[in-house]
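Student: take this sequence and fold it.
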Amino acid sequence: MHLCRKACSNKLIPAAQAARNCALPWFDQRKWTSAKVRPRWMGLPPRLDIDERGAEAKPAEDVENEGCPGSWYRTPFIDSVLRYRRRPTEGGGRVSSPFLERCLDELVLEAIQLMEAYEDSWHAEHLHQIRLTFDRKGGYA
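Tutor: Below is the predicted model of the structure:
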């Protein structure tokens with residue numbers, strides 16, 4: 001779901017994009033209004049530049065200055081790289097991709113490696129949250 005899209009359409013609503021600080025390459029950042037900006041954690045690495053007591057394990061994205069984090073995965077570049085993606089398996093492995101095996105482009109290889117690292121990190125966090133919830137409820141009781 002894309003919050004800036006018209007219902008049942010692929011057409012974006014410029015006013016909604018401006019309110020959410022759309023950072024898509026073709027959207028003019030001078031039109032940002034920040035009216036509907038909500039800080040969210042979307043995988044930004046932990047901030048360790050401050051002492052342990054104030055360290056943020058899940059810092060919110062800087063939407064005010066950098067724009068909507070969703071724009072980074074809604075670009076033609078990401079679409080072009082996705083065909084090289086290897087599907088994850090239940091055991092933590094990956095299904096081989098013929099496109100990736102034949103690829104020699106270092107940019108694509110690095111992009112896929114980074115994307116897979118983020119996917120693995122998300123999956124580990126997801127399992128951790130499930131285990132925490134399970135433990136809080138008393139296991140199989």
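
Student: C-alpha from now on. contacts and neighbour counts both.
Tutor: OK.

Student: in contact with the closest residue to residue 16 other than its chain neighbours, which residues?
Tutor: Nearest residue to residue 16 in three dimensions, chain neighbours excluded: residue 4, at 5.2 Å (C-alpha to C-alpha, 6 or more residues apart in numbering). If a contact means C-alpha atoms under 8 Å, 6 or more residues apart in numbering, then residue 4 has 12-14, 16-17 as its contacts.

Student: residue 121: what's it in contact with?
Tutor: Shown in contact with residue 121 (C-alpha under 8 Å, 6+ apart): no residues.

Student: and what of residue 115?
Tutor: For residue 115, the contact set (C-alpha under 8 Å, 6+ apart) is empty.

Student: which secondary element of this structure has the worst mean pLDDT?
Tutor: helix 63-66 (a mean of 75; mean pLDDT, DSSP states H and E).

Student: mind listing what's buried along that one?
Tutor: Buried positions in helix 63-66, judged by neighbour count with 16 or more other C-alpha atoms under 10 Å: residue 63.

Student: what residues does that helix touch?
Tutor: Helix 63-66 has contacts (C-alpha under 8 Å, 6+ apart) with 21, 23, 34, 37-39, 69.
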